[in-house]
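Peer 1: Make a model of this:
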Amino acid sequence: MDKDQAPAYKKEIADLYSARSPSYDDSAWHARAAHKLVDLAHVTPGSRILDIATGTGMLAFYAAAQTGPQGAVLGIDIAAGMLAQAQAKLASCAIKNLRFAPGDGEALDLPPDSFDFIFCSSAFIWMSDLDAALAHWKRFLKPGGKLGLHAFAENAFITGVVAQTVLLKFGVNYLMSKPTGTVEKCQHLLTRAGFRNVAVEVDRDGAFISLADAKRAWVGLAHPAPGQFPHPLAALSAAQLADAQADYERALEKLATPEGVWNDMTTFYVFGEK
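Peer 2: Residues are numbered from 1 along each chain as shown. Next up is the predicted model:
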């Protein structure tokens with residue numbers, strides 16, 4: 001992605017998640033994954049923690065409890081709607097070691113060597129440059145500090161996987177989780193950025209979704225494409241888009257069972273040390 005295109009791309013993401021913010025806390029899966037990321041990192045009392053793309057603060061609130069009153073947690077996000085939800089929750093409780101602020105995770109203005117832990121829960125896929133983001137984050141970790149993030153397997157999220165297959169017939173390379181799609185890819189990403197003791201825990205998860213919900217999840221031009229801008233579908237004509245969506249729906253129908261369509265959600269919990 002051209003650096004000049006990044007602001008427009010990030011605005012699309014911010015608008016998307018601000019729109020999702022009122023109901024984001026309804027997702028038990030996101031909360032469970034965020035908490036597990038903190039647990040696997042073995043946060044110690046008194047730690048200073050940065051939560052990148054904090055959203056409504058699912059990880060940040062949990063991390064604040066783990067690090068205790070002697071520690072501190074900073075949650076940043078580019079989506080104003082998400083931050084408003086996080087701030088409202090913070091205002092209604094007595095937590096003193098947590099604060100939220102607007103911020104672009106790829107352009108942080110923070111002192112180097114500031115944090116014992118940096119987390120990015122369920123948002124790494126949205127960074128405009130994965131390698132540059134990792135190198136940037138490493139700068140803010142103390143020596144020996146730990147980065148923890150989520151990545152997703154290349155077969156995760158069936159609607160994106162089916163869309164990828166369909167769009168290839170139209171000459172469109174829709175990335176989704178391809179850059180992080182295997183344990184080896186995750187390991188190589190962190191190793192290239194200079195992290196040590198890289199470790200990946202695989203959580204094989206999934207659930208059935210209805211065929212109707214799967215069809216409604218067609219990628220379309222209205223939904224940002226992770227890591228890609230302009231949207232790769234912008235190269236298709238209206239007729240091609242209609243044909244691609246029809247192919248997508250037919251492919252999903254072939255996968256449907258009486259229980260619905262199986263939606264794999266294999267998640268990688270990825271860690272590295274500075």
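Peer 1: I'd like to know how far Ala84 sits from Ala91.
Peer 2: 11 Å (Cβ to Cβ, to the nearest Å). In short, each C-beta sits where N, CA and C put it, glycine included.
Peer 1: Please apply the same query to Glu253.
Peer 2: The value you get for Glu253 to Ala91, if Cβ to Cβ is used, is 47 Å.
Peer 1: neighbour-wise, which of these two wins?
Peer 2: Glu253 (12 against 7; other Cβ atoms under 10 Å).
Peer 1: Now do the buried residues in stretch 105-119.
Peer 2: Residues of stretch 105-119 classed as buried by neighbour count (16 or more other Cβ atoms under 10 Å): 105-106, 108, 114-119.
Peer 1: just checking, which of those belong to strands?
Peer 2: Counting by DSSP state E, the part of these found in strands is 115-119.
Peer 1: Would you mind writing the CA trace of stretch 132-147 as PDB?
Peer 2: Output of stretch 132-147 as PDB, limited to C-alpha atoms (Å, rounded to 0.1, in the frame of the first residue of the first chain):
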ATOM      1  CA  ALA A 132       6.700  -1.900   9.600                       C
ATOM      2  CA  ALA A 133       4.200  -2.100  12.400                       C
ATOM      3  CA  LEU A 134       6.100  -4.800  14.200                       C
ATOM      4  CA  ALA A 135       9.400  -2.900  13.900                       C
ATOM      5  CA  HIS A 136       7.600   0.200  15.200                       C
ATOM      6  CA  TRP A 137       6.100  -1.600  18.200                       C
ATOM      7  CA  LYS A 138       9.400  -3.200  19.100                       C
ATOM      8  CA  ARG A 139      10.900   0.300  19.600                       C
ATOM      9  CA  PHE A 140       8.500   1.000  22.500                       C
ATOM     10  CA  LEU A 141       9.200  -2.200  24.400                       C
ATOM     11  CA  LYS A 142      11.700  -2.300  27.200                       C
ATOM     12  CA  PRO A 143      14.600  -4.700  26.700                       C
ATOM     13  CA  GLY A 144      13.200  -8.200  27.400                       C
ATOM     14  CA  GLY A 145       9.600  -6.800  27.000                       C
ATOM     15  CA  LYS A 146       7.000  -9.000  25.300                       C
ATOM     16  CA  LEU A 147       4.700  -8.400  22.300                       C
END
